[in-house]
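Q: starting from these lines, generate the structure:
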Amino acid sequence: MFPIMIDLSGQKVVIAGGGPIAFHKTENLLRFGIRPHIVSPDFHPSIEQLALEEKVVLRRKKVEWSDLEDAFLIMLVTDDKQANAKMAELAVHHGKLVVHAEHNDLGNAQIPAVMMRGKLMISVSTSGASPSLSTQIRNQLEEEFDERYEAYVDFLYEVRQYIKRHIPERPERRKWLKRAVENDYLEYPEKRKQYMADLKEEYPTL
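A: This next block holds a predicted model:
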């Protein structure tokens, strides 16, 4: 498996299946601002509620290839194993990204456990060996990378954007970027203000 992050803005994501697993997948997608299309004859009550809130699009029917052929990412979680396998084979053949919840080897993509602190995102995968271990490691990371990192990473983003605009020389860029990730700037927010003041004094806005 090759790890990659993909921007799904404007892409169609389809979940085949409407039970508890589909709801879990839906909750995860909603965290990232994705409004999935869900295809199933019946739906978990919580999915029905999300539809009332216009957070998901429902198609009340058995899944067919026509429901999937224009999707960018497909998640197969129906209780019909044969249908899941058939749709996975077709979707992979047509170059789709396919998550098969029960048998990873029938798809070509997996959803890792993810922790987020603002712009900081850390994902953990065991390549399907143990999702429970992935979740356990993710929970440990949430304790290590606490809420301080949200503002700290925002600071690093501001620093990088300013440096890209105002410092043309690569060695000088590296010097300032390396300084910004020193531990003091995580531990002491007031030092971030001094860093930006020093940076802007040496490289003022044109």
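
Q: now do the nearest residue to Pro20 once chain neighbours are set aside against Ile21, distance only.
A: Leaving aside its chain neighbours, Pro20 sits nearest to His44 (5.8 Å; criterion: C-beta to C-beta, 6 or more residues apart in numbering). To be clear about C-beta, it is placed using only N, CA and C from the backbone, and glycine gets the same treatment. Noted for His44: a distance of 9 Å to Ile21, by C-beta to C-beta, to the nearest Å.

Q: for Leu52, same thing?
A: 21 Å.

Q: quick check, central residue of this protein?
A: Centroid-nearest residue in the chain: Phe32, 6.1 Å away (criterion: C-alpha atoms, centre = their mean).

Q: not counting sequence-adjacent ones, nearest residue to it?
A: Leu8 (7.1 Å).

Q: His94 too?
A: In space, His94 is closest to Glu69, 7.0 Å off (C-beta to C-beta, 6+ apart).

Q: how much space is there between the one you found and Val63?
A: 11 Å.

Q: could you do Leu50 as well?
A: In terms of C-beta to C-beta, Leu50 sits 19 Å off from Val63.

Q: look at the two and report which has more neighbours.
A: Neighbours were counted for Leu50 and for Val63 using other C-beta atoms under 10 Å; Val63 has more, 25 against 22.

Q: that one sits in which helix or strand?
A: Val63 is part of no helix or strand, with elements assigned from DSSP states H and E.

Q: wait, what's in contact with it?
A: Taking C-beta atoms under 8 Å, 6 or more residues apart in numbering, we find Val63 in contact with Ala16, Gly17, Val39, Ser40, Thr78, Ala83, Met87.

Q: repeat for Glu187
A: Contact analysis of Glu187 by C-beta under 8 Å, 6+ apart lists Arg148.

Q: can you list the residue ranges for helices in the protein?
A: 20-31, 45-52, 65-68, 81-93, 131-144, 148-166, 170-180, 184-187, 189-202 (DSSP state H).

Q: for this structure, which spans come out with low pLDDT?
A: 206 (pLDDT under 70).

Q: any idea how far Asn183 lies from Tyr152?
A: Going from Asn183 to Tyr152 by C-beta to C-beta gives 10 Å.
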